[in-house]
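A.B. asks: Sequence unavailable; structure follows:
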């Protein structure tokens, strides 16, 4: 029997088989920024979701701050993503690519020759970054972006989005969350500019909104979603800064005016008491994410708080997660030690429930 979570629904011009979303998750399996056949198999295994949102994918060489993350700025990368989209579609899911510019969260050792670590301001993030060549390294001071670099970064999102849809991908998610470049502009700890892109809330959200506008103009609003995680200290942002509530709601209202296909609130960072206000401001599809199990997801959809619910880690170790949620079957634990390691282990070797049961029976 269909439940609120497992019933079909619409997302813009798309029909989703259910309201279950596979959340974007960095897995670090690309080779020279190219998603491989192994990456294709990983997503194809999980295509019983209604919507899959890919791992963060760099729209330019400057955006490749982490080791072994994929890109979408060459024809070879676009063809590879097209093959992944084809495999996901064959399994019944729709497929968006999350476009992620890491900004100051990176290290030159992870960047290709000629690329630079760029950010709103020349302020290093606290903490360290893994590099395959030298292990853990402190985040260096990034270069503050000048006008030409702002335009180039904005254009890179547009170019990546255009490549994606030209190769059969259903749409893109602009990653304005978790302390990466678009989120760095929104936060006063990482954005201390004194020009039109800093100094107050209206200016801090300008770069995100310009990027949204340019991407919508290129591929259409029904193909563009945005992810936000306000009130979130991850990657050395300031959480609950003065006026953040008002700035977040103003950003939601601006995105609503643009008619983007969805707003994705990640990581459970939005206080529950704010969700009704977000729903009032944003009439499009709202995706919630952050520590959900099946019962809570069903409840929030039934209550009208969410249209879709995104699951992250449970999808890593349960490629058949929608079936497990539908039947109430046990959710298998993941192996955290293999989340970011190269190869198939902890990536494409998690069994489906029936396979696991068969293995136990032998």
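C.D. replies: Sure thing, it's come through. All values derive from a computational prediction rather than experimental measurement.

A.B. asks: And stretch 102-116, end to end?
C.D. replies: 11 Å (CA to CA, to the nearest Å).

A.B. asks: So what touches it?
C.D. replies: 33, 56, 58, 60-67, 117-120, 123-125, 129, 131-134, 137, 139-140, 142-143, 179-181, 184, 190, 235 (CB atoms under 8 Å, 6 or more residues apart in numbering). All C-beta spots, glycine's among them, are computed from the backbone N, C-alpha and C.

A.B. asks: could you give the mean pLDDT of it?
C.D. replies: Stretch 102-116 carries an average pLDDT of 97.

A.B. asks: Pull out the buried positions in it.
C.D. replies: By 16 or more other CB atoms under 10 Å, the buried positions in stretch 102-116 come out as 102, 103, 104, 105, 106, 107, 110, 111, 115.

A.B. asks: Strands - which of the contacts of stretch 102-116 land there?
C.D. replies: The strands, defined by DSSP state E, take in 56, 118, 119, 129, 131, 137, 143 from the contacts of stretch 102-116.

A.B. asks: Who is the first one paired with across the strands?
C.D. replies: Legend: beta-bridge partners of residue 56 under DSSP bridges are residue 98.

A.B. asks: That one: how many residues sit nearby?
C.D. replies: Using other CB atoms under 10 Å, residue 56 is surrounded by 26 other residues.

A.B. asks: Over to the third one?
C.D. replies: The burial count assigned to residue 119 is 25, neighbours taken as other CB under 10 Å.

A.B. asks: quick one, what contacts it?
C.D. replies: 103, 104, 142, 143, 144, 145, 181, 184, 190.

A.B. asks: Next, count neighbours for the last one.
C.D. replies: So that's residue 190. Residue 190: 28 neighbours (other CB under 10 Å).

A.B. asks: again, but for residue 36
C.D. replies: Residue 36: 15 neighbours (other CB under 10 Å).

A.B. asks: Next up, the contacts around it.
C.D. replies: Applying CB under 8 Å, 6+ apart, the residues near residue 36 are 29, 30, 80.

A.B. asks: is it true that the second one touches residue 40?
C.D. replies: No: the pair formed by residue 30 and residue 40 falls short of the contact definition of CB atoms under 8 Å, at 11.6 Å.
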